[in-house]
Structure formats: structure tokens, C-alpha cells
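Q: fold the following and give me the result.
(chains A and B)
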Amino acid sequence: MAKTATKQKIVAMTGNAGCALAMKQINPDVVAAYPITPQTTIVEEFANYVANGVVDTEYINVESEHSAMSACIGASAAGARVMTSTSSQGLALMWEELSIASSLRLPIVMQTVNRALSGPINIHCDHSDSMGARDMGWIHLFAETAQEAYDNTIMAIKIAEHKDVRLPVMSMHDGFITSHAIDRFEVLDDADVKKFVGNYMPKHSLLYNPNEPVTFGPFAMPAFYYEQRKQLRVAIDGSKDIVMKVTDDFAKLSGRQYGLFEEYRLDDADVAVVVLGSTAGTTRYVIDAMRAQGVKVGMLKLRVFRPFPAEEIAQALSKIKAVGVMDRSDTVGTLGGPVYVEIKAALYNSKQRPAMQGYVYGLGGRDTGPDQIETVIGDLVKVVKGEQSPREAVTLLGVKE
Amino acid sequence: MAEVKLTEIRWHARGGQGAVTAAKLLAETALSQGQYFQAFPEYGPERMGAPIQAFTRISSEPIHIRSSIANPEIVVVLDPTLLKAVDVTSGMHADGVLIVNTDDEPKAIRKAMGLKGRTIFTVNATRIAQETIGRPIPNTPMMGALVKATGMMPIGNLTDYVRKSFGKKFSEEIIEGNVRAVERAYAEVKAE
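A: Residues are numbered from 1 along each chain as shown, chains lettered A, B, ... in the order given. Predicted coordinates:
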């Protein structure tokens, strides 16, 4: 790890407390949120900061997530720095507002603590909530640990508000597993975060530029709608470079270098597991154990899911012989989970490409132990040896028959 | 690479007995001596008095595994009535350590549970808590018993951290009560 000039404090905190701390250090102008498990402790802790006067934030208590996102959109359009947080059905209730936030190019940052969508009703982790919102024009960042959840929150603001991006960002971490576990991580000084995120001074805003009024959200007939959507596509595709610029700047400050994804022991690997969120940690644990037994296995841990780094992933996986993609959400009625389907598509035009197998795991918080990851790696090794063909159908790991 | 020691602990209690606080306090004490840790409760529809579990992992190196603890080497039971209600030794290491809050001797517990292998320790943490803190909350004394039974850290590290951590929130009387509770349980815990 690079040596940095900055002094950091090592803390024992939950992932949610870390995110609330990052929000405190960012000191947004407006937070509008509605509590929902397992996000609740973020907004609860942040409300304490507001009540104790350590932030200047206007905290808006709303009656639903739909209202929360509506208030965020209004405040952000006026030129405020805006943050919120939700999970599961809360995100679902924000649905119609999500595409408005991105289409209006509003840099709202939302901590999304991943929780299974109902039904049946469940409070535990899977990624079906944010994956359902994957095509809404938001940037999606995933965290493995509380450290990454804290770091991504700080980077998210700078990415969202960058003048060449101006898009909302969802910053995900796993419900309960990361949100409620007490973990060891490093936090920056308040002053360093303040300096890193800087002031938000949008060019067009009622707050800072009242003499040059602009209209947000006008009606667009067929003559204009399409071009607006094209602009959104161009913006999110172009945001990849800014995501990396901010990520690299953050590394200079913190000593913690992230990428669009992490390649773990992938260089000489025959088989690889693709995964995101907390299960990447368990996968790393299993890979170390299997490497010790001579199995050439590596991992690609996805951090940036939107914009989807298709080219970079195709490049990283092109020399692998067999790849297993693990999705903590199922896209029923089609080929498999969203990460699997997109990675498969990303590799289709590569001259050299691995055999691929899709897996769904951990729905509704079903525990994902090392045994399930060993199963995936075992399958892949058999595919490489020619003992079995990759299955067309997605495999459901850890489900009771 | 040298074998890295990862200690996995499972706490059994009833809602309200402070198991989650104990798991957290142990993790923070581990941090105060430079170790890595995870502390996490098993969340469900928990209510005051309902059986709950909490987990702690401690290591000298960063911990990557994120799944729940299936094979703990240490199991701490904060409420003796759970021995009949919950399989507290489920998945437990054959050479694991079981620490129970009870007035009974370890061998009586072994007989009652029909347990083979493992090492059993007992301590009446509820009585110690009543006499030192003035409330029957067994979590801090059970930490004293845990430290004695496993030798996982010097007792002074735990009492120092209790003073430091409780110092922010509680009166001197409560802090010293908790420190005495830890020290008494450390001294009174019974081995087989």
C-alpha cells in the first residue's frame, strides 16, 4: 500500500456507521430520506449529526421514499449538494423518480444498502433491489467491506458532481453482512475529506446563479426526447474515465487504490470467479486455500457495475479458460443473473474467450459459505479438464431441493 | 506463509442480555491491541427474551471471509436455560471451548448435555453482575470468563478497554462495577 501524507484513524465501526460518518464529513446541503431496514442506521446516525449541529445539512423527514427522491431531485435541481439512502422496497418505491434524477443530470448520491426485494418479504441481503434499477442511468458502485463502503461514499460525491459527469450515483454495500457487522477500517480526517470533495458550485443553479434561470424537466415530444436519451448514454459511457480519475486521486489521498474492478490472482489463472459485494471476501479466502493446493484460480471483483466496463472485463478474462459468474440476484425468465449475462455478452466478440457458467447465490440472505464457492471452482476445473460442459442453465447455489 | 490464527466465537443469549454488546466490546478490545476482527449479530425477528446469536472473529491478519460462523472453536452461553432450548454445540470444534453462565459445575453441565469432547467452563455471571453492577446483565462478566478460559488476551487489556469505552457514557460507579465483574468472573470461572 502506498505511503500517504495523510494521517488516518483506525476505527471499529459498522459499515452503516462508516457511511454515516462519510456523509458527515461530506456535509451535504440537503438529505431527504425515509428509514428502511437495513439502511436505517445510516439515516439514524446522520440525524444525530444534524441534531448535534456538527453538519449544516437541511434534513428533510419525508413520508415515503418516493417523496425522499422527489425532494432530492428538487433540491439538487436548485443547486444543492444532496444525499440520501435506501434499501429494497424503498428503492422500488423511488422507481419513477430514479430515471428523472439521471435524465435531469442531477448528482444525487444514494447509499443503497442491498436487501432482497419482496416477496416474500425479507430483510436480508441480495442485490435484486439495485440490480432492478441497473438501467436507470445511475452510476453503480459496489463495496466488499466497510472500508470500501466508506471510501466509495466519498468518491461518489466527487464523481457525481464532476462537470463532465453530472449523474446520480448509487453506492452499494451488503445489507447486514457489511451494514451491521463491526469491521476494522481507516477513516480520513474531516478536513481531508472536505478538501477532497471541494465545494459544489453548479453552473446552472437557482442558488448560485439566480440571474440566469434554466428549466429542469420540461416536456419533450418525439422531436427532442431521443436526443436527451442519447445525451444520457454519452454521459454515462464517458463517466468511466472520471470514475477512474477520482479513484486515482482518492488513492493519492488515502493510499487505497481501487479500479473499475479488482483482479485477484488472475494473472496465471486457468479458472476465475466473478463476484461483487461482500462475497468477494469469502471468495478471496477460498482462492488462497485452493491456490495452496495448486488450483490455478483467480477472481475478478466488480466495483463499478455502471458504467459497465465491458472492454476492460473482456480483456481481463480473455485468457482464462473457464469463468463462473456469481449473481446475488436472479433475472427470472431469461438466461441468468445480470452480471453473468452482461459479462457473457461483453466477451462474445473476443477472439479468445473462456467457457462460462452462471450461478445465482445468497438470495434473501441465504448464507454463502466457502463450500459454495468451492463448488463453483470445482465445476470450472472440470470444464477445463473436459470432464463436463458448461451448463446452459444457470445454477442455483445453496438452494434447498 | 505462516499459519494465521483465526479465532471464531459464537455467542448464545436471550435478547436483552447484552450478547451483541459483548461481541462488539471484544472486537474493540481486539482493535486496541492491534488485531483484526469482525463482530456481527444474527438478525431475525429478535425480541426481548428470545434466543439470539452473535459472532466474533479475531485474527492478527486482515479477515476476508464474510459468511456466518458454522464451526466456532469457542461458544459462550449467557443464559443456562438455552442449553435445553438451542443446540449450542452445533458445528462446534471437537477441541472447542464451551463457557456457560450457570451456578453448576462443568461436569454437571457435561452430564446434563451428554457432551463428549470439548472443554467446559462455568461461572455464575448473573450473580456476579448483580453483586458488582447491581443488575443481572451477564455480558461483561462472561467476557472475563472467556479471557480466562481461552487465554486470548491479558485480562488487563480487557479491563483497560472497558474503562476507556464505558468512560464516555457511564458513571464511575458503573464503570468500576463492570471492571470488578470482569475481574471476579476471571477469578471465579471453574474448569473441569
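Q: show me what contacts A:Val339?
A: A:274, A:276, A:302, A:305, A:325-327 (CB atoms under 8 Å, 6 or more residues apart in numbering or on different chains). All C-beta atoms are positioned from the backbone trio N, CA, C, and that covers glycine.
Q: is any residue of the strand or helix carrying A:Val383 near chain B?
A: A:Val383 is part of helix A:370-385 when elements are defined by DSSP states H and E. Yes - legend: contact between helix A:370-385 and chain B by CB under 8 Å from any CB of the partner chain is shown at A:Pro370.
Q: any chance you could map the helices in the chain?
A: Picking chain A for this. A:15-26, A:40-51, A:65-78, A:88-93, A:95-103, A:128-132, A:146-161, A:190-197, A:225-254, A:279-292, A:310-317, A:338-347, A:370-385 (DSSP state H).
Q: wait, chain B was what I had in mind.
A: B:19-32, B:82-85, B:106-113, B:125-132, B:139-150, B:155-166, B:172-188.
Q: re earlier: where strands are concerned, which of the contacts of A:Val339 count?
A: Among the contacts of A:Val339, the members found in strands (DSSP state E) are A:274, A:302, A:305, A:325-327.
Q: could those residues be laid out in a markdown table, adding distance to chain B and neighbour count?
A: A markdown table is the format used below for the ones in strands among the contacts of A:Val339 (distance: CB to the nearest CB, whole Å; neighbours: other CB atoms under 10 Å in any protein chain shown):
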| residue | distance to chain B | neighbour count |
| --- | --- | --- |
| A:Val274 | 17 | 26 |
| A:Leu302 | 16 | 24 |
| A:Phe305 | 19 | 23 |
| A:Val325 | 18 | 28 |
| A:Met326 | 13 | 28 |
| A:Asp327 | 17 | 27 |
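Q: and the two most separated of these?
A: A:Phe305 and A:Met326 (13.5 Å; CB to CB).
Q: what residues does chain A have near chain B?
A: Close to chain B, as judged by CB under 8 Å from any CB, chain A has residues A:10-12, A:38, A:123-124, A:174, A:176-178, A:180-184, A:278-279, A:281-282, A:284-285, A:288, A:367-370.
Q: what's the weakest-modelled helix or strand in chain B?
A: When the helices and strands of chain B are scored by mean pLDDT, DSSP states H and E, helix B:19-32 comes last with a mean of 89.
Q: give the buried residues for it.
A: Residues of helix B:19-32 classed as buried: B:19-20, B:22-32 (neighbour count, 16 or more other CB atoms under 10 Å in any protein chain shown).
Q: show me what the residue of chain B found nearest chain A bridges to in the sheet.
A: Using CB to the nearest CB, B:Phe40 is the residue of chain B that sits closest to chain A, at 3.7 Å. Counting by DSSP bridges, B:Phe40 is bridged to B:Phe55.
Q: how many neighbouring residues does it have?
A: B:Phe40: 26 surrounding residues under other CB atoms under 10 Å in any protein chain shown.
Q: so for it, what's the pLDDT?
A: pLDDT recorded at B:Phe40 is 93.
Q: tell me the contacts of it?
A: By CB under 8 Å, 6+ apart, the neighbours of B:Phe40 are A:176-177, A:180-182, B:23, B:54-55.
Q: of these, buried ones?
A: A:176-177, A:180-182, B:23, B:54-55.
Q: can you put those residues in JSON lines and add distance to A:Val297?
A: Below are the buried ones among the contacts of B:Phe40 laid out as JSON lines (distance: CB to CB, whole Å):
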{"residue": "A:Phe176", "distance to A:Val297": "28"}
{"residue": "A:Ile177", "distance to A:Val297": "23"}
{"residue": "A:His180", "distance to A:Val297": "30"}
{"residue": "A:Ala181", "distance to A:Val297": "26"}
{"residue": "A:Ile182", "distance to A:Val297": "30"}
{"residue": "B:Ala23", "distance to A:Val297": "33"}
{"residue": "B:Ala54", "distance to A:Val297": "33"}
{"residue": "B:Phe55", "distance to A:Val297": "27"}
